[in-house]
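K.L.:
here is my input, please return the structure:
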Amino acid sequence: MTKTILKRKTREEILDLSVSLFAKRGYDGVSMRDIAAATGLTTAALYYHFPDKENLYLDTVAHAFRERTAGLKSILSGSG
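P.N.:
Prediction:
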C-alpha cells in the first residue's frame with residue numbers, strides 16, 4: 001500500500017470514529033487526546049492528519065453528511 005493510500009485510510013478511520021464521539025459529547029466535550037485514544041493513535045499522529053480540533057470537527061461533520069446523503073442521492077436518482 002502506498003503512503004498516500006495509507007494516509008487516506010487512516011484519515012477515514014479517524015473521521016469514522018470522530019463522528020460518534022462528537023455526536024455523543026459535542027465539540028467542547030471531546031479533546032484531541034480523546035480522539036487519539038479512541039483511534040489508537042498518538043496525539044502527534046492525529047495532528048499529522050488534522051492541524052487542529054476545529055478542522056477535524058468540520059471534516060467530521062462533512063464526512064458524516066457525505067455518508068448519510070449518499071443513500072438519499074441514490075434513491076432520488078432512481079438507482080436505490
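
K.L.:
which elements pack onto the lengthiest helix in the chain?
P.N.:
Determined from DSSP state H, the single longest helix within the chain is helix 53-77. Counting contacts by 3 or more Cβ pairs under 8 Å, 6 or more residues apart in numbering; DSSP states H and E, helix 53-77 is packed against helix 3-25, helix 32-39. Using the backbone N, CA and C atoms, a C-beta is placed for each residue, glycine as well.

K.L.:
for the ones you listed, which one sits closest to Thr60?
P.N.:
Closest approach to Thr60 among these (Cβ to Cβ): helix 3-25, 4.3 Å.

K.L.:
for this structure, give me the ranges with low pLDDT.
P.N.:
Scanning the chain with the threshold set as pLDDT under 70 gives 1-7, 79-80.

K.L.:
show me which positions of the longest helix of the chain end up buried.
P.N.:
The neighbour-count check on helix 53-77 (16 or more other Cβ atoms under 10 Å) flags Lys53, Leu56, Tyr57, Asp59, Thr60, Val61, His63, Ala64 as buried.
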